[in-house]
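Participant: Here's a sequence, model it:
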Amino acid sequence: MEIPSLAQLKKDLSYLTEKELIDLIADLAKFSRDNKAFLYFKLNERDQPQLFVDEVKEDLDEAFQTANTKNYHIAKKSAQAIRRKLNKSLKLSKNKADQAELILYFCEMLKKYEYLSFRHPVIANLYQVQLGKAKKLISTLHEDLQSDFDFRLEELE
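Facilitator: The predicted model follows:
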C-alpha cells in the first residue's frame, strides 16, 4: 500500500464536512496515546500556554522519583528511559522555548538526583548531549529569552 503525500491528504480533508472531520480526529485520538496527548495540548494551549510544560515536568518528576538508582547500570537504564519519555514529549511541541525549558529541567533533575555522581560514561554523554541540544535551541530564541536560559545553562555546566 502506498501512502499518499501530505498535500494529497490535505486536499482530501478539505472535502470532508465538519462532522466527518470531528469523527476522523476522534478516531485518530483513539488510535494512539500520543495522538490523544497531542490533541489535548493543541486544544488547551490557547487557554493555558504553560500547561504542556507543567504536565511534562510532572511526568519527569514522577519518573525520577520512582527510578531505581541502586547501582550505576540500573541508574543508566533509568536515565535513558526517562530521556526517551522526554523525547516523546518534545515531539508534541514546536515551541523552541518550551523544548529548551524541558531539556534544561531534565538536566537539572539528573544533577539533583545525583546520576552524574556514578561517573558512568553513558550517563555523562547523555547529559552532555542534552546540554548541547539545549544550547542549540537557545541560540535560536529571542535575545531576552536567551539571557534567561543562559544563566541556567551556566549553572549546569
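Participant: any idea which element the residue nearest to residue 93 when sequence neighbours are not counted lies in?
Facilitator: If the residues on either side of it in the chain are set aside, residue 93 comes closest to residue 52, at 5.6 Å by CB to CB, 6 or more residues apart in numbering. All C-beta spots, glycine's among them, are computed from the backbone N, C-alpha and C. Element membership for residue 52 (DSSP states H and E) is helix 51-66.
Participant: Check residue 41 too.
Facilitator: Using DSSP H and E, residue 41 sits within helix 33-44.
Participant: Give the burial count for residue 48, as a bare number.
Facilitator: 11 (other CB atoms under 10 Å).
Participant: ok, the residue nearest in space to the middle of the chain - contacts?
Facilitator: Centroid check for the chain by CA atoms, centre = their mean gives residue 90 as the closest residue, at 2.4 Å. Residues near residue 90 by CB atoms under 8 Å, 6 or more residues apart in numbering: 99, 102-103.
Participant: one more time with 7 Å
Facilitator: 99, 102 (CB atoms under 7 Å, 6 or more residues apart in numbering).
Participant: Distance check, it against residue 144.
Facilitator: Distance, residue 90 to residue 144, by CB to CB, to the nearest Å: 22 Å.
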